[in-house]
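Colleague: just to be clear, the model below is a prediction. Sequence and coordinates:
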Amino acid sequence: MRRALSRAIPPLALALPVAASAASAPADLPPYTQAYQPQGTDERGLWMLADEDERNLRDSKFVINDPALQAYVGGVLCRAVGEDRCRGVRIYLVRVASFNANMAPNGTMQLWSGLLLRVRSEAELAAVLGHEFAHFELRHSLAGFRQRRSATDIAAWASFLGQYGPAIQQTAIGSIFQFNREQEKQADLLSLKYAIQSPYSAQAASHIWQRLMGEADATALGRKQRSQRYDRVAFFATHPTNLDRATYLSTLSADVAVKPEAAESYSTALAKWLPEFLSDQLKLNDFGGTEYLLASLAGEHWTAPLLFARAELYRQRGNPRDLVAAADFYRSALGADPDMADAWRGLGLCLMRDRQQVEGTVALKNYIRLRPQAADISMLHAMIGE
Amino acid sequence: MRYAFGYAVLCLLLGCLSPTAMAQEKSAVRQGFALDPNSTKILLFRPKVTVGSQSTAGMFEPNADWTQQARDNLDVALAEAQQSLGNEIVGSVDVAGQQAESLAEYQSLFGIVAQSVIEFQFFPGNRLPTKKREGAAFDWTLGPGVSALASRSGARYGLFIFTEDQFGSTGRKIFQVFAAMGGVGIQSGQHKGFAGLVDLNGGDLLWLNADLQMGGDVRTIDGARRRVAQLLEDFPGSSISLAAAQ
């Protein structure tokens, strides 16, 4: 920890932070043990805030209440970091359609549904869980809090230093973000260490970052924005660039023995939620990124839920050519699963809009037959003239 | 100008540009409201209490011991104050499942509504058009769904309490002195709190009191009494005054 600190803080501002980290007496127990109690004012304070936050999170409507999925993810964590460690963590699956996970100092782990959608195998999930767990085991929140306090103190005092002030302030503020990047890298490396000892593939971690870069490029292209650069680190960046992470993770795992990724069991466990998470993703209004994501999820084989999501994506954009494409995707989805009511509805609406009244009516009637209680039934009846 | 970057970043980091810091009015009561003399059972929702210190640069440093002391002291002081008003206070029990979800939702909703009142009503220059009119009523509500929370406790009113105390650290105080020498005013310590009373039958916000510079050291029982007196200032039917509590 000390070494990381002195690397993170520029020499000018070295004196205070080292004093601060020396004050933190090493606790006897690692934080994941059942009997562990936070030590010292800072750690106890942070745990108190985290406990309060967890009280709110526990009852939040954004938390996915599915014991089976919960147990599955918990099991992957235990296989990833070991039975002795994983008991100290409570996992909350939170329904937010972005790729993220976070860890509070008291062992509260949040996994967002956007992450569950993008991860492709148990091995990849284990890499993410291991990364978050590493933050917990290494007490990163505490170290980050202390470093932030020292750096802002230095920045405050530097305002008395006249012309030298701004340079020192900028360095001190920059050190906060640099320190954070160091912690993220440490967590990546420890996660890799867990993976090497676990039954999962250690090479999986870098795949996540490869695909995320691809998706970010697709999103940027779809929105006619410049794609993100990965060749340099921004001043305010809290994490190493995705390219950095993909590179060092794949380099360091290159020689590790090949172990299973467990992609099949992951997709089985997620099957029930896949349509829901896809529907959340569609609402992000990100044509390029979603198209990339769907294609990468499908790989060689487009399943009915993926075809349906793709059809919805095209119908949402709604150019005449998109409606033709969407109708094809709906038909393919229905080929795989003829009882998919929502696909009949989408197909019907596409065809009606494309002036194919007769075929459209047939499709909508199929929807009405499959979902006689649906909320939009009377509107659809009006459309087909009944 | 040269310092602008550093200050801007500091302010961003420390959130010191919060608009609530400018609030002027401190409390309001719903028009024509008086406590129902027949049922003055008040349900106290778990108070949000946070106590800590403020680092030299103004960062909040949470302190678990102080927070626990403040929680205990405020509980005692609150019960005393309400007893002297003739009201009965019941604590919210730990519920599970659906009820816990709806309780959490209403607690969040109250927080949002209270913040809106502070920002868009108590600060006259910031008022929303409907609150600007001459004699505009104090008219805010959480909606009638809140009555579900009352059914179990049998309480007629719900009381929400929020306090946040940041005591200036030694470093902060020294920094304040130096800054004053340079002609810059720096605040050391921040003590804010608000309390609100909600009609559990209809969901209307009946009374709200918000103070962003509160007195009373909540870590001590006397300080907590003073804080509660200040929080409950203008409480409907209240005769508590600061002087009496001191």
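Modeller: The structure has been received and is ready for your questions. Please read all numbers here as calculations on a predicted model, not as lab measurements.
Colleague: check contacts around A:Thr237.
Modeller: For the record, residue A:237 is Ala, not Thr. Counting by C-beta atoms under 8 Å, 6 or more residues apart in numbering or on different chains, A:Ala237 makes contact with A:Phe177, A:Arg181. Heads up, the C-betas are built off the backbone N, CA and C, glycines and all.
Colleague: typed the wrong thing, it's A:Tyr230
Modeller: For A:Tyr230, the contact set (C-beta under 8 Å, 6+ apart) comprises A:Met213, A:Thr241, A:Asn242, A:Leu243, A:Asp244.
Colleague: where does it land in three-state SS?
Modeller: coil (DSSP: H, G, I helix; E, B strand; the rest coil).
Colleague: gap between it and A:Phe179?
Modeller: 21 Å (C-beta to C-beta, to the nearest Å).
Colleague: with B:Asn73 instead?
Modeller: Where A:Phe179 is concerned, B:Asn73 sits at a distance of 37 Å (C-beta to C-beta).
Colleague: now do B:Phe123
Modeller: 38 Å.
Colleague: neighbour count for these two, which is higher?
Modeller: Ranked by neighbour count (other C-beta atoms under 10 Å in any protein chain shown), B:Phe123 and A:Phe179 place A:Phe179 first, with 25 against 16.
Colleague: so that one touches A:Arg146, yeah?
Modeller: No. Applying C-beta atoms under 8 Å, one finds A:Phe179 not in contact with A:Arg146, separated by 9.9 Å.
Colleague: which neighbours do these two share?
Modeller: Overlap of the contact sets of A:Phe179 and A:Arg146 (by C-beta under 8 Å, 6+ apart) is empty.
Colleague: residue contacts, the closest residue to A:Ser296 other than its chain neighbours?
Modeller: Nearest residue to A:Ser296 in three dimensions, chain neighbours excluded: A:Arg211, at 5.9 Å (C-beta to C-beta, 6 or more residues apart in numbering or on different chains). Contact partners of A:Arg211, counting by C-beta under 8 Å, 6+ apart, are A:Arg118, A:Arg120, A:Ser296.
Colleague: relative to chain B, which of the residues you listed is nearest.
Modeller: Of all the contacts of A:Arg211, chain B sits closest to A:Arg118, with 27.6 Å by C-beta to the nearest C-beta.
Colleague: contacts only, for the residue nearest to that closest one when sequence neighbours are not counted.
Modeller: Excluding the flanking residues, the one nearest A:Arg118 by C-beta to C-beta, 6+ apart is A:Phe99, at 5.4 Å. Listed by C-beta under 8 Å, 6+ apart, the contact set of A:Phe99 reads A:Trp112, A:Gly114, A:Leu115, A:Arg118, A:Leu212.
Colleague: now stretch B:94-112: buried residues?
Modeller: B:Gln99, B:Glu101, B:Ser102, B:Leu103, B:Ala104, B:Glu105, B:Tyr106, B:Gln107, B:Leu109, B:Phe110 (16 or more other C-beta atoms under 10 Å in any protein chain shown).
Colleague: wouldn't the fourth one be in contact with A:Asp59 here?
Modeller: Yes. Counting by C-beta under 8 Å, B:Leu103 sits close enough to A:Asp59 to count as a contact (7.0 Å).
Colleague: where do the strands of chain A begin and end?
Modeller: A:90-94, A:101-103, A:108-112 (DSSP state E).
Colleague: turn those strands into JSON lines, columns for mean neighbour count and distance to chain B.
Modeller: What follows is the strands of chain A, written out as JSON lines (neighbours: other C-beta atoms under 10 Å in any protein chain shown; distance: least, C-beta to the nearest C-beta, whole Å):
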{"stretch": "strand A:90-94", "mean neighbour count": "19", "distance to chain B": "13"}
{"stretch": "strand A:101-103", "mean neighbour count": "18", "distance to chain B": "18"}
{"stretch": "strand A:108-112", "mean neighbour count": "21", "distance to chain B": "15"}
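Colleague: B:Asp222 is nearest to which of the ones you listed?
Modeller: Closest approach to B:Asp222 among those (C-beta to C-beta): strand A:108-112, 35.8 Å.
Colleague: so which other helices or strands are in contact with the closest one?
Modeller: Helices and strands touching strand A:108-112, by 3 or more C-beta pairs under 8 Å, 6 or more residues apart in numbering or on different chains; DSSP states H and E, are helix A:40-58, strand A:90-94, strand A:101-103, helix A:122-137.
Colleague: same thing but at 10 Å, please
Modeller: In terms of contacts (3 or more C-beta pairs under 10 Å, 6 or more residues apart in numbering or on different chains; DSSP states H and E), strand A:108-112 is packed against helix A:40-58, helix A:67-81, strand A:90-94, strand A:101-103, helix A:122-137.
Colleague: kindly state the pLDDT recorded for A:Ala8?
Modeller: Note on A:Ala8: pLDDT of 37.
Colleague: next one: A:Val63
Modeller: Looking at A:Val63, its pLDDT is 94.
Colleague: ok, it - how many residues close by?
Modeller: 16.
Colleague: list the contacts for the closest residue to B:Arg30 other than its chain neighbours?
Modeller: Nearest non-adjacent residue to B:Arg30, counting by C-beta to C-beta, 6+ apart: B:Leu206, 4.8 Å away. By C-beta atoms under 10 Å, 6 or more residues apart in numbering or on different chains, the contact list for B:Leu206 reads B:28-30, B:33-35, B:138, B:140-141, B:157-158, B:196-199, B:235-236.
Colleague: swap in B:Val117?
Modeller: B:Ala23, B:Glu25, B:Ser27, B:Ala28, B:Lys131, B:Phe138, B:Trp140, B:Phe194, B:Gly196, B:Leu205, B:Leu208, B:Ala210.
Colleague: need the max-distance pair from the residues you listed.
Modeller: The widest separation within the contacts of B:Val117 (C-beta to C-beta) is 17.6 Å, between B:Lys131 and B:Phe194.
Colleague: burial of A:Ala195, as a residue count?
Modeller: 26.
Colleague: how about it: what's its closest non-neighbour residue?
Modeller: A:Ala202 (4.1 Å).
Colleague: re earlier: tell me the pLDDT of the residue nearest to A:Ser296.
Modeller: Value for A:Arg211, per-residue pLDDT: 93.
Colleague: where does pLDDT dip in the chain?
Modeller: Looking at chain A here, since you left the chain open. Along chain A, segments meeting pLDDT under 70 span A:1-27.
Colleague: wait, chain B was what I had in mind.
Modeller: B:1-24, B:38-39, B:237-246.
Colleague: show me where it has strands.
Modeller: Under DSSP E, chain B gives strands at B:27-29, B:41-44, B:48-54, B:60-62, B:88-91, B:157-168, B:190-199, B:205-211.
Colleague: enumerate the residues of the stretch 1-150 of chain A near chain B.
Modeller: Applying C-beta under 10 Å from any C-beta of the partner chain, one finds that the stretch 1-150 of chain A approaches chain B through A:16, A:38, A:41-52, A:55-61, A:63, A:65, A:145-146, A:148-150.
Colleague: swap in 7 Å and give it another go.
Modeller: A:41-42, A:44-49, A:56, A:59-61, A:148-149 (C-beta under 7 Å from any C-beta of the partner chain).
Colleague: for A:Asn100, phi and psi?
Modeller: phi -160, psi 160 (degrees, to the nearest 10).
Colleague: which residues does the closest residue to it other than its chain neighbours contact?
Modeller: Leaving aside its chain neighbours, A:Asn100 sits nearest to A:Trp112 (4.7 Å; criterion: C-beta to C-beta, 6+ apart). Neighbour list for A:Trp112: A:Val94, A:Val96, A:Ser98, A:Asn100, A:Ala101 [criterion: C-beta atoms under 7 Å, 6 or more residues apart in numbering or on different chains].
Colleague: if we go to 6 Å?
Modeller: With contact set as C-beta atoms under 6 Å, 6 or more residues apart in numbering or on different chains, A:Trp112 has these partners: A:Val94, A:Val96, A:Ser98, A:Asn100.
Colleague: need the nearest residue in space to the residue positioned nearest the centre of chain B, chain neighbours excluded.
Modeller: The residue lying closest to the centre of chain B (C-alpha atoms, centre = their mean) is B:Phe194, at 1.6 Å. In this structure, B:Phe194 finds its nearest non-sequential neighbour in B:Ala210, 3.7 Å apart by C-beta to C-beta, 6+ apart.
Colleague: nothing else from me, thank you.
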